[in-house]
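**Student:** next one to model:
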Amino acid sequence: MPRKGAEITIEINSNNIKMKTKEIYLAGGCFWGTEHFFKQIEGVVETEVGFANGHTENPTYKEVYTDETGYAETVRVGYNPEVVSLEFLLRMFFKAIDPVSLNKQGHDEGTRYRTGIYYTDAEDLPVINKVYAEEQQHYVLPLAVEKQPLERFYTAEEYHQDYLDKNPTGYCHLPQSLFEFAKTAKDHMKNLKLIIIVLCLALVVGACKQKNVDFGVHSVNGKRCMELITNEPIGGMEDSRLQVENEYSIVWPDEGCLTPELEQALIRFTFGDTAAKTLEEATERFLKRTWFEEDDDILDGIKSFKTVDSITLEPYNYAHVTSTCDRDDNLVTFSVYTEGSMAFAAHGYYVTDIMTIDLNTKRIVHLEDLIDTTELGEVLIRALEDLVVNKENGNTTECLFEEYKECLPMPDCFFIDSTRSVITAVYNQYSVQPYACGPLFVQMPIFWLSKHIPLTPYAKEIFGPDASL
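**Tutor:** Model prediction:
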């Protein structure tokens, strides 16, 4: 039956204590990961996955999968408004989606994977509009998130409910780190005691911290499709034409937020271009790349090339670069995701690169700035063996242990979460194992890490004196 939301009353234990809960319906791509994300948040009392706002009766998953029913994979989130607010849930929702991506989240594509906020109580609309408008300010592109009253909702088949609880190593478009973040995220407006503690701590340590530095970002986007005409077919292909698609969608610091030296380093980091002097030059050079090596004979065989409106030939070369920027106090982290493939390659590639900049010191933060890395390889193995958060990620454990038994190599990159006091090591798909493993993440909470490796004074400044032993 289609569902129209209302306030729900839940009986707790045998004392007949009743708790009123509210509900909101959220479409965030594949509902397996979206449901698991919201189940971690304090104040969420129940979840249910299903299909929202389509035009057929009693759809099945197979029918919705065809994209012909108009339904979106959606999670009904029941929450206790005394513990968590709708505003907080919506802000968490925006952290778990790419809000400017139309009909695509992660590698999942189709109208069933569109994003949306579907409400059952008209009094929720002002809160929804407020969060929506504030989130839009972070993006140049318009948000692709639907904002509609719930028209109908059908519960999905039982095997979809609590899917990642039943299948811990099952597919998910969201990273494990996002679930860990959701577990610790608090709606501070619902917890005055916590606010008082935070304020007191801020007064105590405030004198030791420098004032927050102004920092802003904006979106930069570009795309170009080209067609190469070659002397002969390439790589066993039948056609002497080959098309190339290059696209980038990145966030970039506003003018004056970084020193010229740091902005130059960010250009090299984002596009792998050591010759470009400006962002404009780097993006233009990126859009013109064919992705053949300079000494490749194929380059000599290219007779001409031209810009085309779209890709019409398959297979084709492509490279897509996207980036995000997160600020944690005066640490700014740029995460760059590069995805691509050569037309005649056996498989594509997906690389994650992360760079953290300290706005106070105006320098890039390296792992050696935080810890003694001489014994890090052995400690990373212990992190896989000892910590539940890493054991739960079976893909990481299996892929890393398959190749390394006693000592891991230095990670390709890392990211810092000073709020949760965690350093996460990142290994890309080719650096430790076959491509099928994808990027791998090993989390190391500072309290645990400090038992095995000395922290530098700089790390203690970032994480605080109480974060380590």
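
**Student:** quick one: low-confidence parts of the stretch 251-400 of the chain?
**Tutor:** 292-303, 346-347, 392-400 (pLDDT under 70).

**Student:** which residue ranges of it form helices?
**Tutor:** Secondary structure of the stretch 251-400 of the chain (DSSP state H, counting those that start in this stretch): helices located at 260-271, 279-287, 297-300, 376-386, 388-391, 394-403.

**Student:** identify the residues contacting the longest one?
**Tutor:** The contact list for helix 260-271, computed with CB atoms under 8 Å, 6 or more residues apart in numbering, reads 248, 250, 252-253, 258, 273-274, 276-279, 282-283, 285-286, 321, 323, 334, 336, 353, 355, 357, 362-364. The C-beta positions use only the backbone N, C-alpha and C, and glycine is treated the same way.

**Student:** stretch 317-326 too?
**Tutor:** 217, 242-251, 253, 270-271, 286, 289-291, 311, 332-343.

**Student:** restricted to buried residues, select those residues in ChimeraX.
**Tutor:** Buried residues among the contacts of stretch 317-326 (16 or more other CB atoms under 10 Å), as a ChimeraX selection:
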select :217,242,243,244,245,246,247,248,249,250,251,253,270,271,286,289,290,311,332,333,334,335,336,337,338,340,341,342,343
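
**Student:** what residues are up against L125?
**Tutor:** Per CB under 8 Å, 6+ apart, neighbours of L125: Y119.

**Student:** which phi and psi values does it adopt?
**Tutor:** phi -60, psi -40 (degrees, to the nearest 10).

**Student:** do you know the pLDDT at it?
**Tutor:** Predicted confidence (pLDDT) for L125: 96.

**Student:** state the distance from it to V131.
**Tutor:** Distance of L125 to V131, computed by CB to CB, to the nearest Å: 11 Å.

**Student:** now do N58
**Tutor:** In terms of CB to CB, N58 sits 32 Å off from V131.

**Student:** between those two, which is the more surrounded one?
**Tutor:** The residue with more neighbours, out of N58 and V131, is V131; 20 against 9, by other CB atoms under 10 Å.

**Student:** and stretch 165-183, C-alpha only, in CSV?
**Tutor:** Only the C-alpha atoms of stretch 165-183 are listed here, as CSV (Å, rounded to 0.1, in the frame of the first residue of the first chain):
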residue,chain,number,x,y,z
ASP,A,165,23.6,-5.5,8.6
LYS,A,166,22.9,-8.8,7.0
ASN,A,167,25.7,-8.5,4.5
PRO,A,168,28.6,-6.5,6.2
THR,A,169,30.8,-6.9,3.1
GLY,A,170,28.1,-6.2,0.6
TYR,A,171,28.2,-3.5,-2.0
CYS,A,172,27.9,0.1,-0.8
HIS,A,173,28.5,3.3,-2.6
LEU,A,174,29.3,5.1,0.7
PRO,A,175,32.7,4.7,2.4
GLN,A,176,33.0,3.1,5.8
SER,A,177,34.4,6.3,7.2
LEU,A,178,31.0,8.0,6.6
PHE,A,179,29.3,5.4,8.8
GLU,A,180,31.9,5.9,11.6
PHE,A,181,31.3,9.7,11.3
ALA,A,182,27.5,9.2,11.6
LYS,A,183,28.0,7.1,14.8
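
**Student:** look up the residues forming beta bridges with the closest residue to G29 other than its chain neighbours.
**Tutor:** Once flanking residues are discounted, G29 sits nearest to Q105: 2.7 Å by CB to CB, 6 or more residues apart in numbering. Q105 has these beta-bridge partners by DSSP bridges: D108.

**Student:** quick one: contacts for Q105?
**Tutor:** Counting by CB under 8 Å, 6+ apart, Q105 has contacts 28-30, 97-98, 113, 115, 173.

**Student:** any idea which of those residues is closest to T419?
**Tutor:** I97 (20.5 Å; CB to CB).

**Student:** tell me how far the residue lying closest to T307 once chain neighbours are set aside lies from T290.
**Tutor:** Distances taken as CB to CB, 6+ apart place M226 nearest to T307, at 5.8 Å, with adjacent residues excluded. Going from M226 to T290 by CB to CB gives 8 Å.

**Student:** and what of M444?
**Tutor:** 40 Å.

**Student:** same check on R327?
**Tutor:** Separation of R327 from T290 (CB to CB): 36 Å.

**Student:** please apply the same query to E284.
**Tutor:** Between E284 and T290 the computed distance is 14 Å (CB to CB).

**Student:** likewise V127?
**Tutor:** For V127, the distance to T290 - CB to CB - is 49 Å.

**Student:** V100 contacts L143, correct?
**Tutor:** Yes: applying CB atoms under 8 Å, one finds V100 in contact with L143, separated by 6.2 Å.

**Student:** partners of T356 in the sheet?
**Tutor:** For T356, the beta-bridge partners under DSSP bridges are T333, V365.
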